[in-house]
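**Q** The following comprises the amino acid sequence and a computationally predicted model.
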Amino acid sequence: MAQGAFAPGHLGELTQAVPFDMVDEALAETRTVQSRVRDLPSRVVVYLLLAACLFPELGYPGVWRKLTASLDGLGPATPTAGALCQARRRLGPAPLKWLFDLVRGPAPAPVRWRGLLVCAIDGTMFTVADSPANLGVYAKHRCNNGGSGYPQIRLLALLACGTRTVIDAVFGPTDTGETTYAPRLARSLRPGMIVLLDRGLVGCDLISGFAATGAEVLVRYTDRRNFPVLTRYPDGSYLSTLGPTRVRVIDAEITLTT
C-alpha cells in the first residue's frame, strides 16, 4: 500500500471508485510498475490521467493541484508541466486500457424495458493534443476562419441508458465514418439487450451483424423505401426484411414540442 502523501484515500474520491489494488493489478498485468521510487509513482500517474478526464479544461499542473489539494503538510511533489507529461509518456496507454476493460459495463440497477437492458450507440468527436505522434494518425479540424484547430478523433460508444455507464467504445481518425467503427461494438452485444440506433446507423450489413448477436435492435430509418410487407399486425406495423434480416416496420410521425 502507498504510504505518506499517497496513502489510500488521500487522492480523493477517485480512490473510492477505482481502488489502489485495482490500479496496482493493472500496472502489474501491463508491466508498467516504475522500476525505482519516484516523486510520481505509476499508480499516482494513473489517477492523474483519470482526474484529467474530469477536468479537461485544465492543464496537467491544474489537474495535479486539484488531485493533491487536501495533502498540504504531507509534502507531495510539485512537478512541472513537463515532468507530468514525461510521467504520462512513461506510463503509456496500456494500464488505462486494462482498467477500462475491467470496469466497463452497465452499472447496478440499469434501465430495463420488458426485461431487456436498454442501451444506445452514438458517436462524437474529441480534440487531442497537437503533437507530432497524433498528427501522424489524426487530422486537424478545419475552422470556419480558415485556420486549423487541434487534431480530432471520432469516438463511438455503447452506453447503458439511464445510468449512462459505458459498456464499450471504439475510436479512430475522423475520416472514417461511424458505420465503419460500429461493427466493432458487436463484440459487447448479447441476448437480453435492446440497442437504440440513430438514423446514421442503418446499413443492412450493420443491422444484420448486430441482430446475429441475439440483441434486439431499434433503429430510426428515415429512407422512405418500400419495405416488402410479409405480415401486417393489428397496430399498423408489419413484418418485412432489411437485407437478410427480418424486421418489424413501424411507420411513425414524431412531433417535437419545445
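**A** Thanks, I have the structure now.
**Q** tell me which element T180 is part of?
**A** Assessed by DSSP states H and E, T180 sits inside helix 178-181.
**Q** Which secondary structure elements does the helix or strand following that helix sit against?
**A** Reading on from helix 178-181 to the C-terminus, the next helix or strand found by DSSP H and E is strand 193-197. Counting by 3 or more Cβ pairs under 8 Å, 6 or more residues apart in numbering; DSSP states H and E, the packing neighbours recorded for strand 193-197 are strand 116-127, strand 216-219. Just so you know, the C-beta spots here come from the backbone N, C-alpha and C atoms, and that holds for glycine as well.
**Q** quick one: contacts of strand 193-197?
**A** 113, 116-121, 158, 161, 189, 210, 215-220 (Cβ atoms under 8 Å, 6 or more residues apart in numbering).
**Q** How are the helices of the stretch 51-200 of the chain distributed by residue range?
**A** Here the stretch 51-200 of the chain has its helices, by DSSP state H, counting those that start in this stretch, at 60-67, 81-91, 94-103, 132-135, 178-181.
**Q** of the contacts of strand 193-197, buried ones?
**A** If you count burial by 16 or more other Cβ atoms under 10 Å, the buried members of these come out as 116-121, 158, 161, 189, 210, 215-217, 219.
**Q** Identify, from those residues, the entry nearest to V18.
**A** Lowest distance from V18 to the buried ones among the contacts of strand 193-197 (Cβ to Cβ) belongs to L158, with 20.7 Å.
**Q** Distance of the closest one relative to R164?
**A** 11 Å (Cβ to Cβ, to the nearest Å).
**Q** Name the residues of the helix or strand of the chain with the lowest mean pLDDT that are buried.
**A** Least confident helix or strand, the chain: strand 140-142 with a mean of 76, by mean pLDDT, DSSP states H and E. Neighbour-count burial for strand 140-142, with 16+ other Cβ under 10 Å as criterion, is recorded at K140.
**Q** partners of that strand in the sheet?
**A** Here strand 140-142 is paired, per DSSP bridges, with strand 148-160 (antiparallel).
**Q** Dump the helices and strands packed on strand 193-197 to a markdown table, plus distance to Q152.
**A** Converted to a markdown table, those look like this (distance: least, Cβ to Cβ, whole Å):
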| stretch | distance to Q152 |
| --- | --- |
| strand 116-127 | 5 |
| strand 216-219 | 26 |
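**Q** got these as a markdown table, with distance to D168 and mean pLDDT columns?
**A** Shown next, in a markdown table, are the helices and strands packed on strand 193-197 (distance: least, Cβ to Cβ, whole Å; pLDDT from 0 to 100):
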| stretch | distance to D168 | mean pLDDT |
| --- | --- | --- |
| strand 116-127 | 9 | 91 |
| strand 216-219 | 16 | 93 |
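**Q** Which stretch among these approaches A109 most closely?
**A** strand 116-127 (11.1 Å).
**Q** Strand 148-160 and the closest one, what's the angle between them?
**A** 170 degrees (axes from the mean of the first three to the mean of the last three Cα atoms, to 10 degrees).
**Q** and the angle for strand 116-127 with strand 193-197?
**A** Going by the same axes, to 10 degrees, strand 116-127 makes 40 degrees with strand 193-197.
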